[in-house]
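# Prediction below, plus the sequence it came from.
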Amino acid sequence: MIQGIIIKALSGFYDVLADDHLYTCKGRGVFRKKKITPLVGDYVEVDAQSDSTGTIVSIQDRRNELIRPPIANVDQAIIVSSVVEPEFNPLLLDRFLVLIEYKDIKPLIVFTKEDLTTDEQLDELNAYANIYRDIGFKVLIVSKVMEDLNDKIYPHLANKLSVIAGQSGVGKSTLLNKLDDELEIETGTISKSLGRGKHTTRHVELYHVGGGYVADTPGFSSLDFDEIELEDLRFCFREFLDYQDDCKFRGCLHMNEPKCAVKSAVEQGEIANFRYEHYQNFYEEIKQRKPRY
């Protein structure tokens, strides 16, 4: 038996990297009976054969897992958000942040295509970047050609499993190719009519980059809050945590309750108004969700 990490999953086969050797594996039949699906990022035990094939016999407990994309044990999400083409969308960025915070994954926000901005757009970008930094997020700003990635992003990759998330067309595959020019991942073009990119990624795969693993992940462009309950949402806005103990009611949801310290902080400009508006939007979305049985 050997131990390794699943770095690719496709059509019921799993590529497991163990001791710098790649094994093509199937899962044990008992996994199907127990409805367990091995995921990219899983640390597994493999019954390995001399022809570099094997069977996954056990899966270690996961720290976290995502459903779309299907991946486990994620340390960091690099959220790529372009300033133009497609236009920056703070509501969408906050959707990513809520999901990632809920999964206890550390976010790294990367604004791209800085060089395509007007002075007015650049001022707006810097204003948003400073708000997110004040909240406690790491924020990087890079150009369209991403020539400064090695200085800016490489230090954040070592010893982590990172996923790249973001609106389609913002440059996720381009980012990966720039991080390692041997990858040659297919990149999509922007659809002018829809303002979004063509999907090019077909499966989840880990690449060894910068002393860590980076995943190229499909399916991140449609986000819903199916797993998040109303009472959990407030914990996904980290700036609320500094105020919630001062709310009059324990368990305050920061919506209609009187003497809410979070709402007071918004009124006094201590919490960004757009962030609170997004919280209200997401709260109503979860509230309107059909009950699950």
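All right, it came through fine. Numbering: from 1, shown residues only.
# Where does pLDDT dip in the stretch 1-150 of the chain?
Across the stretch 1-150 of the chain, residues meeting the criterion (pLDDT under 70) sit at 144-150.
# again, 80 this time
When residues are selected by pLDDT under 80, those of the stretch 1-150 of the chain lie in 68, 82-86, 113-117, 143-150.
# Tell me which stretches of it form helices.
Along the stretch 1-150 of the chain, counting by DSSP state H, counting those that start in this stretch, helices occupy 29-33, 90-102, 119-135, 149-152.
# tell me the domain boundaries of this structure?
Taking the TED database as the domain assignment, the ranges for the chain are 2-61, 66-216, 230-288.
# Point out the most buried one among those.
Neighbour counts (mean count of other Cβ atoms under 10 Å) averaged over each of the domains of the chain peak at domain 66-216, with a mean of 18. In this view, the C-beta of every residue, glycine as well, is placed from N, C-alpha and C.
# distance of Thr55 from Asp42?
14 Å (Cβ to Cβ, to the nearest Å).
# on that earlier part again, closest one to Tyr279 among the helices of the stretch 1-150 of the chain?
With Cβ to Cβ as the criterion, Tyr279 lies closest to helix 90-102 of those, at 8.3 Å.
# what's the residue closest to the geometric middle of this structure?
Most central in the chain under Cα atoms, centre = their mean is Ala77, positioned 3.9 Å from the mean C-alpha point.
# Who is that residue paired with across the strands?
Taking DSSP bridges as the rule, Ala77 bridges to Pro107, Val163.
# That one contacts Val110, correct?
No - applying Cβ atoms under 8 Å, one finds Ala77 not in contact with Val110, separated by 10.5 Å.
# wait, which of the helices of the stretch 1-150 of the chain is closest to Ser143?
helix 149-152 (9.6 Å).
# who are the neighbours in contact with Gln280?
Met255 (Cβ atoms under 8 Å, 6 or more residues apart in numbering).
# and it, what helix or strand is that in?
Element membership for Gln280 (DSSP states H and E) is helix 273-287.
# could you give the angle of that helix to helix 90-102?
Per axes from the mean of the first three to the mean of the last three Cα atoms, to 10 degrees, the angle that helix 273-287 makes with helix 90-102 is 70 degrees.
# average pLDDT across helix 273-287?
Mean pLDDT, helix 273-287: 97.
# possible to save the helices of the stretch 1-150 of the chain as a markdown table with distance to Leu17?
Output for these, formatted as a markdown table (distance: least, Cβ to Cβ, whole Å):
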| stretch | distance to Leu17 |
| --- | --- |
| helix 29-33 | 20 |
| helix 90-102 | 25 |
| helix 119-135 | 34 |
| helix 149-152 | 24 |
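# For Val163, find the nearest of these.
Short answer: helix 90-102, nearest of the helices of the stretch 1-150 of the chain by Cβ to Cβ, at 8.9 Å.
# could you give the angle of that closest one to helix 119-135?
When the same axes, to 10 degrees is applied, the directions of helix 90-102 and helix 119-135 differ by 20 degrees.
# Could you tell me how far helix 90-102 lies from the centre of the chain?
In terms of Cα atoms, centre = their mean, to the nearest Å, the centre of helix 90-102 is found 8 Å from the chain centre.
# For the nearest residue to Ile7 once chain neighbours are set aside, name its beta-bridge partners.
Excluding its sequence neighbours, the residue lying closest to Ile7 (Cβ to Cβ, 6 or more residues apart in numbering) is Leu206, at 4.0 Å. Counting by DSSP bridges, Leu206 forms beta bridges with Ala215.
# Give me the distance between Leu206 and Ile56.
Per Cβ to Cβ, Leu206 is found 16 Å from Ile56.
# didn't the residue nearest to Ile7 look like it was pressed against Ser162?
No - the pair Leu206 and Ser162 does not pass the contact test of Cβ under 8 Å, sitting 9.4 Å apart.
# Just say helix, strand or coil for the closest residue to Pro258 other than its chain neighbours.
Closest residue in space to Pro258, ignoring its immediate chain neighbours: Lys248 at 6.3 Å, by Cβ to Cβ, 6+ apart. Under DSSP: H, G, I helix; E, B strand; the rest coil, the three-state class of Lys248 is coil.
# Quick check, Lys248 in contact with Lys259.
Yes - counting by Cβ under 8 Å, Lys248 touches Lys259, with 3.6 Å between them.
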